[in-house]
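Participant: Sequence and predicted structure below; questions after.
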Amino acid sequence: MVKKIITILLALGAISFLGCNKTVNTQKAPQVEILTQDSNTVMEQMKANLVKANDAAKSWKANAQFYGIVLKIYPELKENALTETYVFGSNDDSQNWWTYSISEQSQKIVRATVPKEDYLGTALLPINETYWKISYIDALKTAESGGGLNFRAQNPEAQIYVILARTQPKDWLWWQVNYLASNANLSLNINAADNQIYDANGVPVQ
């Protein structure tokens, strides 16, 4: 499943989840600007946006369910400039995801139906929001200290995709933080409940 997601992200712009490399590189990576935001405020806003997205998804399919969030982050991205994409699925349409993208800056909304094979694959499970306890700010900070900062120092052109999804390992809810460069990739599982990094077998990385 992870390989499928990363392959699709590369096509839009196959890897296994890597271990955590905490070696500090002496080259300075650019600061991720939006990490200065308050995590609780970000969480509240995304929960509010999810309510709007969920209501809109019901106009697509009455039984639509929440399956994920996709965020594309540039290090220089400023506060309130992110586009949040909420992903929904329905038992009435096994081939497609329905997406609701909202610009934090303009509040412009774009709705689209996307083939699952072209976007995130088919193995995701519906999300139980009970386990969504941290924002992407928390997850990205954990990923940065768990190898991401060093990766970006070595790969200054790297883009960051952050995905909230219920998938392997263990069918838990994860923030998947994916660093994609031209010749290298790093992907980290951050548990959306406890903000810890886990390996591909669902074991905490110390």
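Facilitator: On my side now, so go ahead. Here the structure is a predicted model, which is why all the values come from computation and not from measurement.
Participant: Sticking with residue 183, tell me its helix or strand.
Facilitator: Remark: residue 183 resides in no helix or strand, with elements defined by DSSP states H and E.
Participant: Can you pull the phi/psi pair for the nearest residue to it once chain neighbours are set aside?
Facilitator: In this structure, residue 183 finds its nearest non-sequential neighbour in residue 155, 7.9 Å apart by C-beta to C-beta, 6 or more residues apart in numbering. All C-beta spots, glycine's among them, are computed from the backbone N, C-alpha and C. The phi and psi values for residue 155, taken as degrees, to the nearest 10, are phi -130, psi 80.
Participant: pLDDT score assigned to residue 97?
Facilitator: Among the per-residue scores, residue 97 shows a pLDDT of 98.
Participant: OK, contacts around it?
Facilitator: Residues near residue 97 by C-beta atoms under 8 Å, 6 or more residues apart in numbering: 67, 87-89, 113-116, 119-120.
Participant: Would you mind listing which of those are buried?
Facilitator: The neighbour-count test (16 or more other C-beta atoms under 10 Å) marks 67, 87-89, 116, 119-120 as buried among the contacts of residue 97.
Participant: Of those, just say which sits nearest to residue 51.
Facilitator: residue 88 (12.9 Å; C-beta to C-beta).
Participant: Surely the closest one is in contact with residue 96?
Facilitator: No: under the criterion of C-beta atoms under 8 Å, residue 88 lies out of contact with residue 96, with a separation of 9.8 Å.
Participant: Looks like residue 46 contacts residue 84 (just checking).
Facilitator: Yes: when contacts are counted by C-beta under 8 Å, residue 46 is listed as touching residue 84 (6.5 Å).
Participant: Need the overlap of contacts for those two.
Facilitator: Where contact means C-beta under 8 Å, 6+ apart, the residues bridging residue 46 and residue 84 through contact with each are residue 69.
Participant: quick one: which of those two has more around it?
Facilitator: Residue environment comparison for residue 46 versus residue 84 gives the larger neighbour count to residue 46, 23 against 18, counting by other C-beta atoms under 10 Å.
Participant: Name the SS class of the more buried one, please.
Facilitator: When states are read from DSSP: H, G, I helix; E, B strand; the rest coil, the local structure at residue 46 comes out as helix.
Participant: And the one 3 residues further on, by the same measure?
Facilitator: Here residue 49 is helix, with the state taken from three-state DSSP.
Participant: got it, and the one 3 residues further on?
Facilitator: Reducing the assignment to helix, strand or coil with three-state DSSP, the entry for residue 52 is helix.
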